[in-house]
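Peer 1: here are the coordinates; sequence isn't available:
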């Protein structure tokens, strides 16, 4: 019961910023993310095309938490520009007073909204710099606040391997019910290696506020030109598996990702659609 209470508290707060926002979020998202999905994870890996591209991701996470993410990208003469929007909704949460008591149990809602302005460009023949500027708002019960933050990342890669370094959620704290709540700032390292048709990725994250490490080791494999699958072994306090499936059908991309979270929290799912216009 204490474990479930911990997770309910986490999903109700700014720690929701650490949760997956799209199918790629379930397997080595830092080293292996690309396209407009990278807006949410690693801006140095963010790539855009001359056409506008829009992506929509619907995520069903643990203990009833839902989120909707949108990404819009475009290549310009200044570099890659993108916009990301994410809204986490914890729905109705029951607050039980200490037992025994005859006080009425109340329900409250919790949500987290982020607006991201992303920019990325080459700084050398193989090096890239990416920066996210974020507006973050948090609402729990009748309390709410907002703040500004940023992510920064550097990547260096050739045809078969690469490395990424960066920091995320750097900014001031929020104030909820007269208490300061720090953003979940983290430092990240990502390594990727291609061996024939296999693409391997390794992520290592240090969560500064918690003083904890998280990691992921994944492998992607292209079955055909239109279909690719990926699996991963992730660790966040405990090990748990993750996977995804990508389909590219004449410019329409369909993505699915999932993970079996520990502590009997069940299967988390994410479904995404992307298209150009």
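Peer 2: Alright, I've got the coordinates. As the structure is a prediction and not an experimental result, all values here were calculated from the model.
Peer 1: Show me the shaky parts of the stretch 1-150 of the chain.
Peer 2: Applying pLDDT under 70 to the stretch 1-150 of the chain flags the ranges 1-13, 63, 92-106, 108.
Peer 1: what about residue 16, distance to residue 134?
Peer 2: Distance of residue 16 to residue 134, given as C-beta to C-beta, to the nearest Å: 13 Å. C-betas here are computed from N, CA, C, even on glycine.
Peer 1: Those two: who's more crowded?
Peer 2: residue 16 (26 against 22; other C-beta atoms under 10 Å).
Peer 1: Let me see the contact set for that one.
Peer 2: 10, 65, 67, 88, 112 (C-beta atoms under 8 Å, 6 or more residues apart in numbering).
Peer 1: Could you confirm it falls within a helix?
Peer 2: Yes - counting by DSSP: H, G, I helix; E, B strand; the rest coil, residue 16 is found in a helix.
Peer 1: Next one: it from residue 69, what distance?
Peer 2: For residue 16, the distance to residue 69 - C-beta to C-beta - is 12 Å.
Peer 1: Taking the contacts of residue 16, tell me the two that lie furthest apart.
Peer 2: 10 and 67 (13.9 Å; C-beta to C-beta).
Peer 1: Mind checking which of these two has more residues around it?
Peer 2: Looking at residue 10 and residue 67 with other C-beta under 10 Å, you find the greater number of neighbours at residue 67, namely 24 against 17.
Peer 1: Just confirm the more buried one contacts residue 56, I think it does.
Peer 2: No - taking contacts as C-beta atoms under 8 Å, residue 67 lies outside contact range of residue 56: 11.6 Å.
Peer 1: what's the overlap in contacts for those two?
Peer 2: Joint contacts of residue 67 and residue 56 (C-beta under 8 Å, 6+ apart) do not exist.
Peer 1: returning to that earlier point: return the closest of the contacts of residue 16 with respect to residue 220.
Peer 2: residue 67 (23.6 Å).
Peer 1: Could you give the bridge partners of the closest one?
Peer 2: Note on residue 67: beta-bridge partners by DSSP bridges are residue 59, residue 88.
Peer 1: out of everything not next to it in sequence, what's closest to residue 169?
Peer 2: In space, and not counting its chain neighbours, residue 169 is closest to residue 183: 4.4 Å by C-beta to C-beta, 6 or more residues apart in numbering.
Peer 1: Also residue 78?
Peer 2: In space, residue 78 is closest to residue 121, 7.1 Å off (C-beta to C-beta, 6+ apart).
Peer 1: and that neighbour, what does it touch?
Peer 2: Counting by C-beta under 8 Å, 6+ apart, the residues that residue 121 touches are 78, 79, 80, 128, 129.
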